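# Let's see this in three dimensions:
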Amino acid sequence: MKIRIKGNALRYRLTRSDIATLAQEGYLEERTTFSGQSLVYAISITTDERLSAKYVNNTITLYVSSGMITELAVTERVGFEDKTTDLHLLVEKDFTCLDTVEEDQSDNYPNPLAAEAD
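From the prediction side, this is the model:
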């Protein structure tokens, strides 16, 4: 799972195993440590049908419905977004990069633009 924060936009990118874990366990988190303090970013299943987010005790949590996670898992749907508040939220599949990158992308979804790049 990766997050991108830009201004008032928060985007979560999920690999295949991230989506499988969410579907099975209902919760997933990662952490980044800065000088002994952790920033935790998590995603949690909720009954609400809209995306929402909270920041509490150095933890950013994105809430998604189980239906959204199921749809990401079993369809070609790329993601979901919510722009109804000041915070723009987006959760999406993490596709392999078209460029050469150092990170392991073996768990990412195939990039639909890869065929066009050939």
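# And for Lys54, the neighbour number?
Residues near Lys54, counting by other Cβ atoms under 10 Å, number 12. In short, each C-beta sits where N, CA and C put it, glycine included.
# which residues does it bridge with?
Beta bridges link Lys54 to Thr61 when assigned by DSSP bridges.
# wait, it sits on Thr61?
Yes - Lys54 lies in contact with Thr61 (Cβ atoms under 8 Å); the separation is 5.3 Å.
# show me where the protein has strands.
Along the chain, the stretches classed as strands by DSSP state E are 2-6, 9-14, 27-34, 37-46, 52-56, 59-65, 79-82, 88-93.
# What lies in contact with the third one?
Outside strand 27-34, the residues that touch it by Cβ atoms under 8 Å, 6 or more residues apart in numbering are 1, 18, 21-22, 38-45, 59.
# Now do the end-to-end distance for stretch 63-78.
17 Å (Cα to Cα, to the nearest Å).
# same check, this time on stretch 4-12
Termini of stretch 4-12 sit 7 Å apart (Cα to Cα).
# start at 32 instead
Right, with 32 as the first residue, what we last looked at is stretch 35-43.
# What mean pLDDT does that stretch get?
Taken as a whole, stretch 35-43 has a mean pLDDT of 95.
# Please compute how far that stretch lies from its chain's middle.
11 Å (Cα atoms, centre = their mean, to the nearest Å).
# before we move on, the earlier item: what's the PyMOL line that selects buried ones from the contacts of strand 58-65?
This is the PyMOL syntax for the buried subset of these, where burial follows 16 or more other Cβ atoms under 10 Å:
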select buried, resi 32+49+52+53+72+73+74+76
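# Need the contacts of strand 58-65 in a markdown table (columns: pLDDT and distance to Glu60).
A markdown table is the format used below for the contacts of strand 58-65 (pLDDT from 0 to 100; distance: Cβ to Cβ, whole Å):
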| residue | pLDDT | distance to Glu60 |
| --- | --- | --- |
| Met32 | 94 | 8 |
| Asp49 | 94 | 11 |
| Thr52 | 94 | 10 |
| Leu53 | 94 | 11 |
| Ser69 | 95 | 10 |
| Leu70 | 96 | 11 |
| Val71 | 97 | 6 |
| Tyr72 | 97 | 7 |
| Ala73 | 98 | 4 |
| Ile74 | 97 | 8 |
| Ser75 | 97 | 9 |
| Ile76 | 96 | 13 |
| Thr90 | 97 | 8 |
